[in-house]
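Student: Fold the stuff below for me.
(one chain, ligands or ions: 2)
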Amino acid sequence: MAATFNAQWAEQGAWRREFSFLLRLFSRWLKDNALLDTAVQDRLLRLERRTASNRVVVAFVAEFSRGKSEMVNAIFFADYGRRIMPASAGRTTMCPTEIGYEPDLSPSLRLLPIQTRLQPQALRDWRQTPEAWTAFDLDVNNAEQLASTFERLTETLQVTQQEAQALGFWHSQTPEENPPTDAQGLVQVPKWRHALVNFAHPLLKQGLVILDTPGLNAIGAEPELTVGLIDQADAVVFIVGADTGVTGSDLAIWQEHIRPDADQGRTKLVVLNKIDTLWDELSSAPQIQAQIDVQKRRTAQALGVDPLEVLAVSAQKGLVAKVSGNAELLERSGLLALETALAQGMVGGRRVALHTAIAQDIDALHAEVARLVQARELGFTEQRAELEGLRGKSDAVLRQMRQRIAQEQQDFERAGSKIRALKAVHVRLFKAI
Ligand SMILES: Nc1nc2c(ncn2[C@@H]2O[C@H](COP(=O)(O)OP(=O)(O)O)[C@@H](O)[C@H]2O)c(=O)[nH]1
Ligand SMILES: [Mg+2]
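Tutor: Ligands and ions are numbered 1, 2, ... in the order given. Predicted structure coming up:
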């Protein structure tokens, strides 16, 4: 993952730096020629910000227990030599977790208590309220400490049915989706509503943000996840299990939260995970492959995608293979193919989005500058008309004025050709994106 992703990322970084440099040159030249009014300045600022931002959000979205957290471990954290996000039997992450890097904050896991759901503030507002979060320091050089701190993502609370209902985990109209109750009638609900992880992993430092979601119950109960975080993701990885096939609730998540934006240009990857459950020792390799192909076709059919778009993977074996340095198992796990697709999709998708946005801004900028140049041209024409009117009044004065105007006109034409040249440079740069 790191190599493919890093290479593509570095290439785009170089382009962004070159473009920023040209923007600064353009801006200085506009200023020297008194063409930098506030509208133009605003545009330039926006363009610069757009170019500088390198945030890429990858969301792992699927029903509970399909292997999202295991996939995050296998793709991003295998270098730690162990499982970092909780993803073993019975220890699944219970709350949406955003993993990224902000240099101004210390490495930490911040958790927002589930009880905040009883208050009216939106998730967005809670993000601006640091004192509402419970924070734990992370020792990024200590895999054991990291993993044990992340265990908090699995914490639950026992609450009454009324409390569960108030928190959004109990619906009398859809009893089959309610969480299980114990002998006392108490309901198990997640202790935390949202988690923010901040740490200086090399990929996160380059702007990658990972969103690990816990399943339909949590996605459904937290509308901001769908309208905010998942919607803004540059890439979405949707996972189904080879052991279960596409279930009703898998389909519900796919249709409600992913497929509706089918026309948006962002990257969507469909992953058939846990293919190792089909690695039957009594079957031959071609028989196993045929079995996997059948599952891929069924998945594609149920979701309405091309079977070629379904990647068959074993996140768990991929993680084991990376940790134990087993190249053959890594190949068989299909993890590398997933990483390549993800790297291409993320960087490629972002490139297209950036390209479109910058192209629009540049067009508007050129229109803005052209408007200023035209206004000035109009001024010259008026001056000339005035001069014509003065003809014969005073030869000496007229000569002087003509000279001045000729000079200004020359400057103006030079400015025009510089704008044309800069436009050509911008156009060339777009083609290079
Ligand atoms: N056999 C097998 N089990 C897996 C695989 N990936 C995840 N699991 C198991 O499935 C369970 C749920 O995984 P987890 O990552 O916590 O699921 P999440 O709820 O989607 O984040 C755990 O017991 C994992 O060990 C896989 O590729 N193969
Ligand atoms: Mg999980």
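
Student: Does Leu303 touch Leu269 like I think?
Tutor: No. The pair Leu303 / Leu269 is not scored as a contact, 11.8 Å apart, by CB atoms under 8 Å. Where you see a C-beta, it was placed from the backbone N, CA and C, and this is true even at glycine.

Student: hey, what's in contact with both of those two?
Tutor: Shared contacts of Leu303 and Leu269, defined by CB atoms under 8 Å, 6 or more residues apart in numbering, are found at Phe238.

Student: By proximity to ligand 1, which residue of the stretch 151-300 of the chain wins?
Tutor: Per CB to the nearest ligand atom, Lys274 is where the stretch 151-300 of the chain lies closest to ligand 1, at 3.7 Å.

Student: Wait, that residue touches Ile239, no?
Tutor: No. Contact criterion CB under 8 Å: Lys274 and Ile239 do not qualify, at 9.1 Å.

Student: Give me the common contacts of these two.
Tutor: With CB under 8 Å, 6+ apart, Lys274 and Ile239 have common neighbours 66-67.

Student: chain center to the helix or strand harbouring Gly13, what's the gap?
Tutor: In this assignment (DSSP states H and E), Gly13 forms part of helix 2-32. In terms of CA atoms, centre = their mean, to the nearest Å, the centre of helix 2-32 is set 20 Å apart from its chain centre.

Student: which helices and strands sit right next to the next helix or strand after that helix?
Tutor: Next along the chain after helix 2-32, taking DSSP H and E as the criterion, comes helix 38-52. Here helix 38-52 touches helix 2-32, helix 335-390, going by 3 or more CB pairs under 8 Å, 6 or more residues apart in numbering; DSSP states H and E.

Student: hmm, stretch 295-312 touching ligand 1?
Tutor: No. Using CB under 6 Å from any ligand atom, we find that stretch 295-312 stays clear of ligand 1, coming within 10.3 Å at best.

Student: Now that stretch - C-alpha only, PDB.
Tutor: Extracted in PDB, the C-alpha atoms of stretch 295-312 (Å, rounded to 0.1, in the frame of the first residue of the first chain):
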ATOM      1  CA  GLN A 295     -19.700 -15.700  -4.700                       C
ATOM      2  CA  LYS A 296     -18.300 -12.800  -6.600                       C
ATOM      3  CA  ARG A 297     -21.000 -13.100  -9.300                       C
ATOM      4  CA  ARG A 298     -23.800 -13.400  -6.700                       C
ATOM      5  CA  THR A 299     -22.500 -10.400  -4.800                       C
ATOM      6  CA  ALA A 300     -22.300  -8.400  -8.000                       C
ATOM      7  CA  GLN A 301     -25.800  -9.400  -9.000                       C
ATOM      8  CA  ALA A 302     -27.300  -8.600  -5.600                       C
ATOM      9  CA  LEU A 303     -25.700  -5.100  -5.600                       C
ATOM     10  CA  GLY A 304     -26.200  -4.400  -9.300                       C
ATOM     11  CA  VAL A 305     -22.500  -4.000 -10.200                       C
ATOM     12  CA  ASP A 306     -20.100  -5.600 -12.700                       C
ATOM     13  CA  PRO A 307     -18.600  -8.800 -11.200                       C
ATOM     14  CA  LEU A 308     -15.200  -7.400 -12.300                       C
ATOM     15  CA  GLU A 309     -15.700  -4.600  -9.800                       C
ATOM     16  CA  VAL A 310     -15.900  -7.100  -6.800                       C
ATOM     17  CA  LEU A 311     -12.600  -7.700  -5.200                       C
ATOM     18  CA  ALA A 312     -12.200 -11.000  -3.300                       C
END
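
Student: And the helices in the stretch 151-300 of the chain?
Tutor: Per DSSP state H, counting those that start in this stretch, the stretch 151-300 of the chain carries helices over the ranges 161-166, 202-205, 216-221, 223-224, 231-232, 248-253, 285-303.

Student: For Asp79, the count of nearby residues, please.
Tutor: The tally of other residues near Asp79 (other CB atoms under 10 Å) stands at 12.

Student: Shouldn't it be within a strand?
Tutor: No. Assessed with DSSP: H, G, I helix; E, B strand; the rest coil, Asp79 is helix; it does not lie in a strand.

Student: leaving aside the residues next to it on the chain, what's closest to the residue of the stretch 301-433 of the chain found nearest ligand 1?
Tutor: When scored by CB to the nearest ligand atom, the stretch 301-433 of the chain has Gln316 as its residue closest to ligand 1, at 3.4 Å. Leaving aside its sequence neighbours, Gln316 sits nearest to Glu70 (CB to CB, 6 or more residues apart in numbering; 5.5 Å).

Student: does that neighbour really touch Leu319, like I thought?
Tutor: Yes. Look at Glu70 against Leu319 with CB under 8 Å: they come within range, at 6.5 Å.

Student: Kindly point out which residues are neighbours of both of those two.
Tutor: Shared contacts of Glu70 and Leu319, defined by CB under 8 Å, 6+ apart, comprise Arg83.
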